[in-house]
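A.B. asks: Any chance you could fold what I've pasted below:
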Amino acid sequence: MFAFEFYRAHQNLEALESINDTNLSAAFDLFQELDSLEANLYGQIVQQRIAVIRTLQERVEENAKEKVIQEYIYDHLWLLDPAWERAEATEYMERRVGKLFEEVSASLNEGERLARLDIGYRETAGKHVIVELKRPGRSISVFELSAQINKYRSGMKKFLQDLGRPHEPVEFVCLLGQRQSEWNDDPKLVENNLETVSARIKLYEELLEHAFRAYKDYLDSRKFVDRLQEVIKAIDDYESENGT
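C.D. replies: Residues are numbered from 1 along each chain as shown. Prediction:
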């Protein structure tokens with residue numbers, strides 16, 4: 001299926017070479033064909049991602065599932081946010097930010113260091129994304145979490161300021177094994193507290209289900225659009241055949 005779609009794309013590129021002032025209408029047809037190709041290709045990617053998510057949900061034990069997520073999360077940011085298609089090639093930035101993280105980590109107390117499993121940096125969708133993995137069995141209050149994040153956030157903001165890029169957005173995602181105790185008392189307080197440091201929380205156990213729902217919603221909406229396009233095309237074909 002992928003090979004067929006790529007073949008169609010190659011044919012369209014060749015057809016572009018024949019476009020000139022006398023057949024501009026053909027260019028519009030090619031644009032429509034390109035939109036269709038993009039939707040089909042992305043739809044196939046989404047279907048494969050859903051299959052991967054479902055396999056993890058149904059066949060992998062909880063403790064092993066966390067290990068899989070930890071291993072692949074940094075290079076598959078779509079698990080965190082469907083808008084984050086892929087990490088951009090930023091080796092230089094990753095090295096510089098990694099050094100910054102080492103300096104900040106050295107200032108953490110023993111409890112903070114033990115609670116953290118890993119922290120990583122990626123750049124995607126025009127954002128600087130920092131993903132912190134907490135050990136699934138460790139509990140941490142939202143105030144402790146915000147204080148830790150703020151240390152990294154302050155360092156990152158200064159780093160971007162020194163690069164002459166102070167307005168570029170920085171977002172933190174913290175992957176936890178369980179909700180903080182404050183969440184049950186006042187979830188809005190937790191959200192507001194994290195918002196002040198541009199952070200949000202994801203739980204290991206919820207991560208896959210949230211990703212699945214997001215992609216399933218996309219496929220469901222595409223089915224509706226595809227049916228609508230088929231109806232419109234049928235009407236156009238009927239009018240053309242009957243000269244109306």
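A.B. asks: Am I right that Ile130 is in a strand?
C.D. replies: Yes - assigned with DSSP: H, G, I helix; E, B strand; the rest coil, Ile130 falls within a strand.
A.B. asks: Kindly confirm whether my reading is correct that it touches Pro169.
C.D. replies: No - distance between Ile130 and Pro169: 11.3 Å, which falls outside the contact criterion (C-beta atoms under 8 Å). C-beta here means a position set from N, CA and C on the backbone, and glycine is covered the same way.
A.B. asks: ok, these two, which is more surrounded?
C.D. replies: More crowded of Ile130 and Pro169, by other C-beta atoms under 10 Å: Ile130, with 22 against 11.
A.B. asks: Please list all residues in contact with that one.
C.D. replies: 97, 119-121, 152, 156, 170-173 (C-beta atoms under 8 Å, 6 or more residues apart in numbering).
A.B. asks: Most widely separated two among these?
C.D. replies: Val97 and Val173 (15.0 Å; C-beta to C-beta).
A.B. asks: So between those two, which is more surrounded?
C.D. replies: Using other C-beta under 10 Å as the criterion, Val97 and Val173 rank with Val97 on top: 23 against 18.
A.B. asks: What average pLDDT does whatever helix or strand the more buried one lives in get?
C.D. replies: Using DSSP states H and E, Val97 falls within helix 91-105. Average pLDDT, helix 91-105: 86.
A.B. asks: Give me the next element, helix or strand, following that helix.
C.D. replies: Next helix or strand after helix 91-105 toward the C-terminus (DSSP H and E): helix 110-115.
A.B. asks: Dump the C-alpha coordinates for the helix or strand following that next one into PDB.
C.D. replies: Next helix or strand after helix 110-115 toward the C-terminus (DSSP H and E): strand 116-124. Output of strand 116-124 as PDB, limited to C-alpha atoms (Å, rounded to 0.1, in the frame of the first residue of the first chain):
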ATOM      1  CA  ARG A 116      13.900  11.000  39.000                       C
ATOM      2  CA  LEU A 117      14.500   8.200  36.500                       C
ATOM      3  CA  ASP A 118      15.600  10.200  33.500                       C
ATOM      4  CA  ILE A 119      15.200  13.600  31.900                       C
ATOM      5  CA  GLY A 120      15.600  14.400  28.200                       C
ATOM      6  CA  TYR A 121      15.300  17.200  25.700                       C
ATOM      7  CA  ARG A 122      13.800  17.200  22.200                       C
ATOM      8  CA  GLU A 123      12.800  20.000  19.900                       C
ATOM      9  CA  THR A 124       9.600  19.500  18.000                       C
END
